[in-house]
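>>> predicted coordinates and the sequence they were generated for:
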Amino acid sequence: MEINANSLSRTEFDKLVVSLCPKLYSNRFASMQSTCMCYGFDVGQGWQNLMLKLSLGLEMLINSFPEAEQANYRATQVKEKLGTLRFYLLSGTDAMHDLIDEATELSLKTCEECGEAGELMTKNGTQYGWMKTLCDNSKKQKMHSNNQTYYDLLKQHGFTQFQIDAMRNAIKFLGNSMLLFSFRNLKTKQLLYLCNDKSVSDEELKLHLELSWDGLVEKDIN
């Protein structure tokens, strides 16, 4: 039976793809010191079908190698960057990179939010705006959306106005290419995704906020 991965929540997709591709994602829950896979799959739900297809293809190729060599081929980071899918391996064959290239090309034609046909779109240029592959409907929603949902959740979990203002300032820099490669940006971005993921329970969110916020304001924003 074919799975519609786009209909799954981020948490459900994470569990599914890791269970179906255990060798490719063998380091999914490894420490942040050893891999960026600890942050999970940093892509929108609209790309989950293409991500599942890519993952299954890569897992099949990994299984074709002698068992002693299979550990060399595993994912190190999966994310969206500048409107396209970015999928990084510890090492890979030409066949593996061909699959990744196909998925990357497809991501440029697929709305990251809903999975419908899309195209690369921008807002306010690229330095302080964003680049996303979206359909017209998802672009309208994004253009008119704001970050109030995140701030409401932070308030519900006991964060002070100072901390919320610090988070607001951090959000302003998420589109700044100078910070895209910094650890604090990855941490903040993951936190924002969790805040807006309705499949995450209040208790899970509260625990993650408490763990993630530790030192963030003092070390990374001020």
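Alright, I've got the coordinates. Numbering: from 1, shown residues only.
>>> switch to C-alpha atoms for all contacts and neighbour counts from now on
Fine.
>>> now do the strands in the chain.
Counting by DSSP state E, the chain has these strands, from start to end: 41-42, 75-81, 84-89, 119-123, 130-134.
>>> would you list those strands in CSV and tack on distance to A5 and mean neighbour count?
Shown next, in CSV, are the strands of the chain (distance: least, Cα to Cα, whole Å; neighbours: other Cα atoms under 10 Å):
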stretch, distance to A5, mean neighbour count
strand 41-42, 13, 21
strand 75-81, 16, 19
strand 84-89, 16, 20
strand 119-123, 21, 16
strand 130-134, 18, 23
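>>> adding mean pLDDT, write those out as JSON lines.
Formatted as JSON lines, these follow (pLDDT from 0 to 100):
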{"stretch": "strand 41-42", "mean pLDDT": "92"}
{"stretch": "strand 75-81", "mean pLDDT": "94"}
{"stretch": "strand 84-89", "mean pLDDT": "96"}
{"stretch": "strand 119-123", "mean pLDDT": "82"}
{"stretch": "strand 130-134", "mean pLDDT": "85"}
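>>> could I get these as CSV with distance to D98?
Converted to CSV, those look like this (distance: least, Cα to Cα, whole Å):
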stretch, distance to D98
strand 41-42, 20
strand 75-81, 15
strand 84-89, 12
strand 119-123, 22
strand 130-134, 21
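>>> of all the ones you listed, which one comes closest to L24?
Taking Cα to Cα, strand 75-81 is the member of those nearest to L24, at 5.7 Å.
>>> who touches that closest one?
24-25, 27, 35-37, 40-43, 85-90 (Cα atoms under 8 Å, 6 or more residues apart in numbering).
>>> just curious, which of these is nearest to S7?
Checking the contacts of strand 75-81 against S7 with Cα to Cα, the nearest one is V43 at 14.0 Å.
>>> what's near enough to touch the closest one?
By Cα under 8 Å, 6+ apart, V43 lies in contact with V78, K79, E80, L85, E112.
>>> redo that, cut-off 10 Å
With contact set as Cα atoms under 10 Å, 6 or more residues apart in numbering, V43 has these partners: 10, 51, 78-81, 83-86, 112-113, 193.
>>> before we move on, what about S31?
By Cα under 10 Å, 6+ apart, S31 lies in contact with M37, C38, Y39.
>>> F65 too?
Contacts of F65 by Cα under 10 Å, 6+ apart are A71, Y73.
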